[in-house]
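**Q** One predicted model, sequence on top.
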Amino acid sequence: MPEIRQAVALPVPSTDALRFLPEGPFALADGTFSWVGIQHGAQATHGSLNLYDLATETNQSFELPGRPGFAFPCKTANRFVVGCERSLGFFDTETKVFESFQDGIDASVDNTIINDGTLFEDNLVFGTKDLEFATRKAGLYLYRGRDAKLIQLRDDQICSNGKSIVKESDGSLSLYDIDSPTRQIVRYRLDIEAGSIGEPTVVVDLTSDAAVPDGAILTPDGKQLIVSMFLPDVAEFGSTRMYDIATGELVCVWQTPGSPQNTCPALVRYEGKIQLIITTAVENMDAEAKAKCPNAGQLFLAETDLVDDGGPINDCYWA
């Protein structure tokens, strides 16, 4: 039986706009992390980059010119690489300026925007989502850093979510990827130099689950995968789960009381331990559902048993 743990709601977000669709947490310095508000309401066409400090319980929010799917810190202070609408760009939290360096993503189809992504060295792998969540037209992309080339890896996803890249013992790369409506977590062999992926292998099959897999990360040793489950229904709690990659076994469940729509996990070092951040959302909830799910849209913090080797939680190679 998997271990069951309780996550604790943080006092953030503090507004209805920011609670609508938080995603993409990413560890910065110890006890701090970034996250994105994908959009600030059902009809909103913009979102935000946010910086949260666990020790002081303070959140800085920076409005973006569109709806972000992800944001990752760069080596340069105050600079983030952001996937926003159909562009990749840099956002500076000091100047509050977004500067695009790649436009026209998913230009061959209508009504998609950038969604989840991951970094590997100077490369980005990211996907888009069909805003109607209906048609297999969303792209999966590699932005190859060495020659600043955008390469489409797939053109048939619906809502491209949780992504992680790991280097295997033989030097090859594996890409873990989720197209949420399939309810499967798959692995591809990723060849950055060739700009290609192999055939998918199902790692975790959740097709019989009521919840939908959303954001996901690998544990530091690359042996387990943590995935947040988005349950589009009223429930006592939501869940973020850890699966053993080799066996597909469910190892641990972190429950989020009063918030069933888990969106993304992240690991952060805090108080000398590796802890888990979980974002959740209000999206799709009416007033009655919100009343029954009082913590919907809050961020959560949870304990883990992951060993802290003292190294950086995340490495970012973007200039």
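**A** Structure's in. What do you need? Worth saying up front: this structure is predicted, and the values here are computed from it rather than measured.

**Q** Only alpha carbons, please: show stretch 105-119 as PDB.
**A** In PDB, the C-alpha atoms belonging to stretch 105-119 read as follows (Å, rounded to 0.1, in the frame of the first residue of the first chain):
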ATOM      1  CA  ILE A 105       4.700  28.600 -32.400                       C
ATOM      2  CA  ASP A 106       1.900  26.300 -33.600                       C
ATOM      3  CA  ALA A 107       1.400  28.700 -36.500                       C
ATOM      4  CA  SER A 108      -0.300  26.100 -38.700                       C
ATOM      5  CA  VAL A 109      -3.300  25.600 -36.300                       C
ATOM      6  CA  ASP A 110      -5.700  27.900 -34.500                       C
ATOM      7  CA  ASN A 111      -6.700  28.300 -30.900                       C
ATOM      8  CA  THR A 112      -3.600  26.800 -29.100                       C
ATOM      9  CA  ILE A 113      -1.200  28.300 -26.700                       C
ATOM     10  CA  ILE A 114       2.000  27.200 -25.000                       C
ATOM     11  CA  ASN A 115       1.500  25.000 -22.000                       C
ATOM     12  CA  ASP A 116       4.000  23.000 -19.900                       C
ATOM     13  CA  GLY A 117       7.800  22.600 -20.600                       C
ATOM     14  CA  THR A 118      11.100  21.500 -19.200                       C
ATOM     15  CA  LEU A 119      14.800  22.600 -19.400                       C
END
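
**Q** mind listing what's buried in that stretch?
**A** 105, 106, 112, 113, 114, 115, 116, 117, 118, 119 (16 or more other CB atoms under 10 Å). Every C-beta, even on glycine, is put in place using the N, C-alpha and C of the backbone.

**Q** biggest separation within those residues, which pair?
**A** With CB to CB as the measure, no two of the buried residues of stretch 105-119 lie farther apart than 112 and 119, at 21.5 Å.

**Q** which residues of the stretch 51-200 of the chain fall in strands?
**A** Using DSSP state E, counting those that start in this stretch, the strands of the stretch 51-200 of the chain run over 58-63, 68-73, 79-84, 87-92, 97-102, 112-120, 123-130, 138-144, 149-157, 160-167, 173-179, 184-191, 196-197.

**Q** Identify the residues contacting the last one?
**A** Strand 196-197 has contacts (CB atoms under 8 Å, 6 or more residues apart in numbering) with 140, 153, 154, 175, 188, 189, 190, 191.

**Q** For the first one, which non-adjacent residue is closest in space?
**A** It stands for residue 140. residue 154 (3.9 Å; CB to CB, 6 or more residues apart in numbering).

**Q** What score does that neighbour have for pLDDT?
**A** Listed pLDDT for residue 154 reads 98.
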